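1. Sequence and computational prediction follow.
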There are 4 protein chains.
Amino acid sequence: ALPLALIAGPCQLESRDHAFEVATALKEICARVGIGLVFKTSFDKANRTSASAQRGIGLKAALPIFAEIRDKLGLPVLTDVHEIDQCAEVAQAVDVLQIPAFLSRQTDLLIAAAKTGKAVNVKKGQFLAPWDMKNVIEKITSAGNPNVLVTERGASFGYNTLVSDMRALPILKDMGKPVIFDATHSVQQPGGQGTSSGGQREFVPVLARAAVAVGVAGVFIETHPDPDKAPSDGPNMIPLKDMEKLLGDLVAFDKLAKKTS
Amino acid sequence: ALPLALIAGPCQLESRDHAFEVATALKEICARVGIGLVFKTSFDKANRTSASAQRGIGLKAALPIFAEIRDKLGLPVLTDVHEIDQCAEVAQAVDVLQIPAFLSRQTDLLIAAAKTGKAVNVKKGQFLAPWDMKNVIEKITSAGNPNVLVTERGASFGYNTLVSDMRALPILKDMGKPVIFDATHSVQQPGGQGTSSGGQREFVPVLARAAVAVGVAGVFIETHPDPDKAPSDGPNMIPLKDMEKLLGDLVAFDKLAKKTS
Amino acid sequence: ALPLALIAGPCQLESRDHAFEVATALKEICARVGIGLVFKTSFDKANRTSASAQRGIGLKAALPIFAEIRDKLGLPVLTDVHEIDQCAEVAQAVDVLQIPAFLSRQTDLLIAAAKTGKAVNVKKGQFLAPWDMKNVIEKITSAGNPNVLVTERGASFGYNTLVSDMRALPILKDMGKPVIFDATHSVQQPGGQGTSSGGQREFVPVLARAAVAVGVAGVFIETHPDPDKAPSDGPNMIPLKDMEKLLGDLVAFDKLAKKTS
Amino acid sequence: ALPLALIAGPCQLESRDHAFEVATALKEICARVGIGLVFKTSFDKANRTSASAQRGIGLKAALPIFAEIRDKLGLPVLTDVHEIDQCAEVAQAVDVLQIPAFLSRQTDLLIAAAKTGKAVNVKKGQFLAPWDMKNVIEKITSAGNPNVLVTERGASFGYNTLVSDMRALPILKDMGKPVIFDATHSVQQPGGQGTSSGGQREFVPVLARAAVAVGVAGVFIETHPDPDKAPSDGPNMIPLKDMEKLLGDLVAFDKLAKKTS
């Protein structure tokens, strides 16, 4: 099995400078730790808990920044799409299109993303069983695109809570595609703060270690220089200064996991 | 409180003649039973479990049929939208735009539906708590449209199962909008048949009676002359021939519920 | 079907006078409303959230009070047992032995209760599916006692929350025994207040109406003259003064339910 | 932190010879792997799904076997108790009394076990949140016994399914007692085979690795020379021949986990 990869970045693309600050820092950390990096950030948060929440800088402003990050930092870039019409345009500026969990059953969006020819990372809906993802993957591959990643990010567990079922990881792996564990959104408390979602940052390393020990292709961890001031997912983002220790640990667990399995 | 209303029809718009057959029969049944009817059918099933499942006749073919049903039968028509771009066009041919449960957090779709000025029936996501719908309703009303209906259709409960929490009905009602109970999708077993969803038709009357006794503005019940041959949601649709008895019972429970509460 | 019956009383047997006050009041209410009453109270709360919580007056002090209530008020009495050794002794003073939900899988306790020859009301464990109760009932009937009642009281739903699945009622009914809906414990929030369980009294009528509309043999509702001062289950007990209106409504729903089904 | 310990043995004490066969084999395996062993087996399965299921050889027959295993093999022995009266007697023959998950809220049983002075391993109820165990532990420690172990074994997740929430492990650890992860019962499917519980043996190593990577004091794994012929929990026991590889992997993960945390 290939060594562990990392999908990381700030939840929301706040500005060119902010994105470069985080991407540059992550690139250096990952080089020291020895882990491959895909830079992730969102140009639009299309499903915020509340309509008054901040959504991001938008597609038009984001694409040149994505392109610049790829060019200047040499990093592959991942971002999420929400509309069929966005897929082709976004595909010109990024390496991986991501399908949000709520949209993981929208056939046309999956097919539009597939048809760009870019890799597609599809998040497992909070309302889906692991085995339900087989049909989701087939919607993409039957559109002619075999480059699919599948991301586990928790299942609904009562109200305003998610639970991470580690059994999902080998079930998803058996579908033949790289499996990513999203440690950031797995500790989200959806809608848990009334007009925004809460989160439990302290459990990101806990769930990430568990998932890596079970065996995954990659981890997805959102990070921010100052999470408590971030416009979205602050409660579950890891401070940038804590990433190196966390990633170092995960790389060690990954080596052991891939040696023993 | 107003008397119970009914949103009903075949899950999928199969053809003009099929739609007229069901709508005509329902109109006669509802007249005899004394319950107001909104005719519901879908022009596209955009989130089928599997990509190879039948999706429907499409928007272009459906709109004239919707218009004809309104004209000739005098019935208000409801259908669901999946894309922002569909809202304005669909709004010309129907009375109520419905937001599917999976899409209940997509801010732009909610706002686009709101801006048509038509009534918007938003289904509560399987991954949402009842109180989370407050923010969803506000996304619509803050776009200038106060005509919102809220539909309960079950919450995720383990894998491939939904549970109907009857406490949700008064919680939703306190938000000041008419509450609909969708008895058809509440008995769905999502993904429960591998490449399609299962269902438990026998529990439709059970949950519908419970909800009406608690107190709702309306019930949503999909029906078909021959459910086992229907292209979607067959396992949880009620045979058309059983609707009159069921609706008669529900009207009796509704009268009692609204007298005693 | 027989008309709706009621199992009611204060959660905990606080004193002889308190029990008589509540039992007398309930007897008068039930006579006016036209509903059969079984008086319920507990001599010991053996599974309190915290060891420092008040447990009750104990078996020895309770039995004469139970006997006196039966004699003087002519009411059948129900209480719960927690130990095999208690069954025979308690059976001499009451009409129905109740098995707590947490103990619904303890084979020897079920059999000891069965062997007293008294009716046995077994509560469905929060961790059991409705169909799992078939084996529980058989543990009792195979010990020679056909007089079993089965009580629905909610299923675990995430942490510190229960959900009432109304589908459970017809599933349990198909097992051929009277089905009781416990509206008091179904609105419990187990452990929800740190060192005690919380509750949502306002949903007792909601769930009770739903269950009666679906069709049950009886309802179980704990009540207290001053619930906020009760030593246990205060947050989910109904004030005694509100019982008559609630029971009157439930009787009306029951008549309709048994006429239409 | 101390190195990982193992609680293991056959679910049910089938006979003296069977127990010695498994205990001897486990002792040798654990010596080779370098992991401390507590031998576990049950003299009575007091909460079988069905009354007709095999329950075990009973207390009287089991105690001499427990004593002999301790004497001849030098292994500490753990067994579970179900009745208050059993605690003192069982305590004479074993080192650790275990409280079954269904009984984890029974105050008197917890206190009776505590008063023996032996270590008490209390399993977290399937219906409890991790933080609810604080009160359970205090029931034992306030009876004068600080030697408590806490075991995670899954939480109810819909019907007939458990889910292992890895966040529970650090939450339990913060209560200051050794935390055990029961990989055998966490993969149980309670009642999942109609008159017996199912299980998913293939996920035992998955969940065990995850838990050890998160950090636990010990793992609990039931094993059997021929699980498919075992009288209980066969579907989720690990074949004895597979234990050495599994334990070797877990020891490696434990060393890494305790070095990096």
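-> Thanks, I have it. The shown structure was predicted, so the numbers you read here are calculated from the model rather than taken from an experiment.

2. use CA for all of it now, contacts and neighbours both
-> OK.

3. Pull out the buried residues from the host helix or strand of A:Val120.
-> Assigned by DSSP states H and E, A:Val120 falls within strand A:119-123. Within strand A:119-123, the residues scored as buried using 16 or more other Cα atoms under 10 Å in any protein chain shown are A:Ala119, A:Val120, A:Asn121, A:Val122, A:Lys123.

4. can you check stretch A:135-154 too?
-> A:135-141, A:143, A:145-154.

5. what's the first-to-last distance across it?
-> Length of stretch A:135-154, first residue to last, Cα to Cα, to the nearest Å: 18 Å.

6. is chain C contacted by that stretch?
-> No. Stretch A:135-154 does not reach chain C (Cα under 8 Å from any Cα of the partner chain); its nearest approach is 13.0 Å.

7. Skip ahead from the strand holding A:Val120 and say which helix or strand is next.
-> Following strand A:119-123 in sequence order, the next helix or strand is helix A:133-141 (DSSP H and E).

8. Give me the angle between that next one and strand A:119-123.
-> With axes from the mean of the first three to the mean of the last three Cα atoms, to 10 degrees defining the directions, helix A:133-141 sits at 150 degrees from strand A:119-123.

9. Name the nearest of the buried residues of strand A:119-123 relative to B:Arg16.
-> A:Val122 (36.5 Å; Cα to Cα).

10. these two touch, right, the closest one and A:Val148?
-> Yes. A:Val122 lies in contact with A:Val148 (Cα atoms under 8 Å); the separation is 7.3 Å.

11. Mind putting the buried residues of strand A:119-123 into a markdown table with pLDDT?
-> Output for these, formatted as a markdown table (pLDDT from 0 to 100):
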| residue | pLDDT |
| --- | --- |
| A:Ala119 | 98 |
| A:Val120 | 98 |
| A:Asn121 | 98 |
| A:Val122 | 98 |
| A:Lys123 | 98 |
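
12. Which ones among these also lie next to chain B?
-> Answer for the buried residues of strand A:119-123 near chain B: none qualify (Cα under 8 Å from any Cα).

13. in its sheet, what does the one helix or strand A:Phe181 maps to sit against?
-> Using DSSP H and E, A:Phe181 falls within strand A:179-182. Strand A:179-182 has the following sheet partners, assigned by DSSP bridges: strand A:148-152 (parallel), strand A:218-224 (parallel).

14. Which SSE is immediately downstream of the shortest one?
-> The reference is to strand A:148-152. Immediately after strand A:148-152, counting by DSSP H and E, sits strand A:155-156.

15. so, in contact with chain B or not, that next one?
-> Yes. Residues of strand A:155-156 contacting chain B under Cα under 8 Å from any Cα: A:Ser156.

16. by contact count, what packs against that strand?
-> Strand A:155-156 is packed against strand A:162-163, with contacts defined by 3 or more Cα pairs under 8 Å, 6 or more residues apart in numbering or on different chains; DSSP states H and E.

17. So for the following helix or strand past the strand it packs on, mean pLDDT?
-> For strand A:162-163, the succeeding helix or strand toward the C-terminus, using DSSP H and E, is helix A:168-173. The average pLDDT for helix A:168-173 rounds to 98.

18. any idea how far helix A:168-173 is from the chain center?
-> Distance of helix A:168-173 from the chain centroid (Cα atoms, centre = their mean, to the nearest Å) equals 17 Å.

19. what does stretch A:138-151 give?
-> The answer for stretch A:138-151 is 17 Å, by Cα atoms, centre = their mean.

20. Do me a favour and get the end-to-end distance for that stretch?
-> End residues of stretch A:138-151 are separated by 15 Å (Cα to Cα).

21. Residue numbers of the stretch 51-200 of chain A in contact with chain D?
-> Counting by Cα under 8 Å from any Cα, the stretch 51-200 of chain A sits next to chain D at A:Phe157, A:Val163, A:Ser164, A:Asp165, A:Met166, A:Arg167.

22. Pairing partners for the second one in the sheet, please.
-> For A:Val163, the beta-bridge partners under DSSP bridges are A:Ala155.

23. Give me the nearest residue to the residue in chain A positioned nearest to chain C, chain neighbours excluded.
-> Chain C sits closest to A:Gly158 of chain A, with a gap of 3.9 Å, by Cα to the nearest Cα. Leaving aside its chain neighbours, A:Gly158 sits nearest to C:Gly158 (3.9 Å; criterion: Cα to Cα, 6 or more residues apart in numbering or on different chains).

24. ok, how many other residues are close to that neighbour?
-> Other residues near C:Gly158 come to 25 when the count uses other Cα atoms under 10 Å in any protein chain shown.

25. Just want the most central residue of chain A.
-> Nearest to the geometric centre of chain A sits A:Phe220, at 4.7 Å (Cα atoms, centre = their mean).

26. quick one: A:Lys177 is in a strand?
-> No. Going by DSSP: H, G, I helix; E, B strand; the rest coil, the assignment for A:Lys177 is coil, not a strand.

27. check contacts around it.
-> By Cα atoms under 8 Å, 6 or more residues apart in numbering or on different chains, the contact list for A:Lys177 reads A:Asn147, A:Val148, A:Leu149, A:Val150.

28. Relative to chain B, how far out is A:Phe43?
-> 14 Å (Cα to the nearest Cα, to the nearest Å).

29. For that residue, give me its contacts.
-> A:Gln12, A:Leu13, A:Arg55, A:Gly56, A:Ile57, A:Gly58, A:Leu59, A:Ala62, A:Thr79, A:Asp80.

30. Can I get those residues in TSV including secondary structure?
-> As requested, these are arranged in TSV below (three-state DSSP):
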residue	secondary structure
A:Gln12	strand
A:Leu13	coil
A:Arg55	coil
A:Gly56	coil
A:Ile57	coil
A:Gly58	coil
A:Leu59	helix
A:Ala62	helix
A:Thr79	strand
A:Asp80	strand
